[in-house]
Each structure stands twice: as C-alpha cells, then as structure tokens.
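1. Model the structure of this input:
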Amino acid sequence: MIEKFLKEEQDPKAVEKIYKRLEDLVTTGEEILYIAVQKKPIVNLFPDCIALTNKRILFFTPANLGLTIKFVDFVWKDIIDVYTKEEIIGAIFSVKSTNGAEMGVDYLPKVQARKLYQYAQERKEAEREARRLRDLEEKRAESGSIQFDNAGRASAQQAAPEPEPVHIPAPPVTQEAPKPDELTEKLKKLRMLFDNGLISQEEYNHKKLDLLNDL
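-> The predicted model follows:
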C-alpha cells in the first residue's frame, strides 16, 4: 500500500508510520499524493515528514522519542507560496500561508524536495483556477439582482419587426433633457453585464426586450 511513496529513497518505517496516521486524518474525497521524509546527516532516528493531499499539506514531527506524532496542516486555499532551497546536504521545503504563518523541513533529499515543489505548484494552480471560477460565479449571482419575468414573451416577440419611428417636430422652445429614470439605469447596467462578458448576446437581447416591453 505504501510502495508508491517509496520511489525517492523514503525511509519505509517512517512512511508506514505517517501513512497509518494519515488514514485517521483524511476526510471524504481526500487523496494522499506524496510523502517526503527528512534525512539528517548524522542521526536520523525520528525524522520529520511532509505529506501532500489534494486538499492540504501536513507537516509531521515525532515527539516523546517517536511514541507520538504532532502535525500542522494547511489547506491549499490558505497557502500563498511554497519554497524549496537546495543546499550542500539535502534541501529545505517550506510554505507560507495567508495569515503569515510559515512552516518548513530541512535535510530533505533533494529529489523529494523537488517532487514536493512540483506537486505543490500543481495544487496551487488548481486552487487558483477554482478560486477564479468561484469569483466568476459570485459575479454572475450578483448580476442576477435584475429580475426579468417576461423572458418567454420577449423570445416570442424577438423576430417581430419593430414599428417605424414617427418623427414629431421638436417644439421651438428649448427644453431640458429628462433625467435618467429607472429604465435607463437598468439598461445601462444590462449593457455593462454584456460588455463584461457576464451574459451572452442572446441573453442581452432577450432581457433588453423585456425591459422595453414593460413601457
């Protein structure tokens, strides 16, 4: 079961212990992607470990001579950056969260640190795309504050030719231009939604006709 996490010289005993701990921590739909194990140059009895899932990143630190394991986790949406720095012996991998918290592990085998960085960048990119889609949905929901109750009638009348305008001579006395009324404001807002790509050309035409038909 843990063989796929031993491809980059991870300590099997450390991986097995962390994997058992992860089995108690993962939530529904959460998948373990990678486990990295610290390799100290002299004594490496109780190495720190890092685990990546599709939902978060977890830092494990053995305590009480390895009898217990403490951990700190960060969900991907709260991570603003990841870092890796290769040194003469091993590499350092660390993350920084939106609230300014930082966490890292040193003396990681360089190949494992690179894998962590690769997976972390992929998850960050996926989270950015998910955030972009959420923001777009929120904007669409906000734009729905204008209610259009006559969409069916507008669709039926869309193909009907508009009557030719009747030209009435303007009175000789100059009059002030009327102030923008509620309809004008709604038409402006509708045009803004269309220009920003939040509604399609067809939706724009239908909803514009709805407003005009209410006159």
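2. mind listing what's buried in stretch 52-64?
-> If you call a residue buried by 16 or more other Cβ atoms under 10 Å, then stretch 52-64 has these buried ones: 52, 53, 55, 56, 57, 58, 59, 60, 62. (C-beta placed from N, C-alpha, C; glycine too.)
3. correct me, but residue 33 touches residue 53?
-> Yes: contact between residue 33 and residue 53 holds when scored by Cβ atoms under 8 Å: they sit 5.9 Å apart.
4. picking up where we left off before, of all the buried residues of stretch 52-64, which two lie farthest apart?
-> 55 and 62 (23.5 Å; Cβ to Cβ).
5. So what's the gap between stretch 59-70 and the chain middle?
-> Distance of stretch 59-70 from the chain centroid (Cα atoms, centre = their mean, to the nearest Å) equals 32 Å.
6. which residues are in contact with that stretch?
-> Residues from elsewhere that reach stretch 59-70 (Cβ atoms under 8 Å, 6 or more residues apart in numbering): 17-18, 21, 45-51, 71-73, 103-105.
7. Can you tell me which of those residues is nearest residue 198?
-> residue 73 (36.3 Å).
8. and that closest one, helix, strand or coil?
-> Residue 73 carries the three-state label strand when classified by DSSP: H, G, I helix; E, B strand; the rest coil.
9. Break this protein down into its structural domains.
-> 3-140, 144-156+180-215 (automatic domain parsing).
10. Okay, residue 92 and residue 73: tell me how far apart.
-> 19 Å (Cβ to Cβ, to the nearest Å).
11. List the buried residues for the strand or helix carrying residue 22?
-> Assigned by DSSP states H and E, residue 22 belongs to helix 12-25. Across helix 12-25, burial judged by 16+ other Cβ under 10 Å covers 14, 15, 16, 17, 18, 19, 21, 22.
12. which of these lies closest to residue 193?
-> Nearest to residue 193 among these, with distances taken as Cβ to Cβ, is residue 22, at 46.0 Å.
13. The closest one is in contact with residue 51, isn't it?
-> Yes: between residue 22 and residue 51 a contact is recorded at 5.9 Å, counting by Cβ under 8 Å.
14. Quick check: neighbours shared by these two?
-> What both residue 22 and residue 51 touch, as defined by Cβ under 8 Å, 6+ apart, is the set 32, 58.
15. Where does pLDDT dip in the protein?
-> Low-confidence segments of the chain (pLDDT under 70): 145-181, 214-215.
16. for it, what spans make up the strands?
-> With DSSP state E as the criterion, the chain has strands at 32-37, 49-53, 56-63, 68-75, 79-86, 91-97, 102-108.
17. quick one: contacts of the second one?
-> Contacts of strand 49-53 with the rest of the structure, by Cβ under 8 Å, 6+ apart, involve 14-15, 18, 22, 26, 30-38, 57-60, 93, 105, 108, 116, 119-120, 123.
18. Spit out the contact partners of residue 5.
-> 15, 19, 32, 34, 35.
19. Ok, residue 8 next?
-> 36, 109, 111, 112, 115.
20. give me that answer again for 10 Å
-> 34-37, 108-116 (Cβ atoms under 10 Å, 6 or more residues apart in numbering).
21. In those residues, find the pair that's most separated.
-> 35 and 110 (16.2 Å).
22. These two: which is more packed in?
-> Between residue 35 and residue 110, residue 35 has the larger neighbour count (other Cβ atoms under 10 Å), namely 26 against 14.
23. who's residue 36 bridged to?
-> residue 50 (DSSP bridges).
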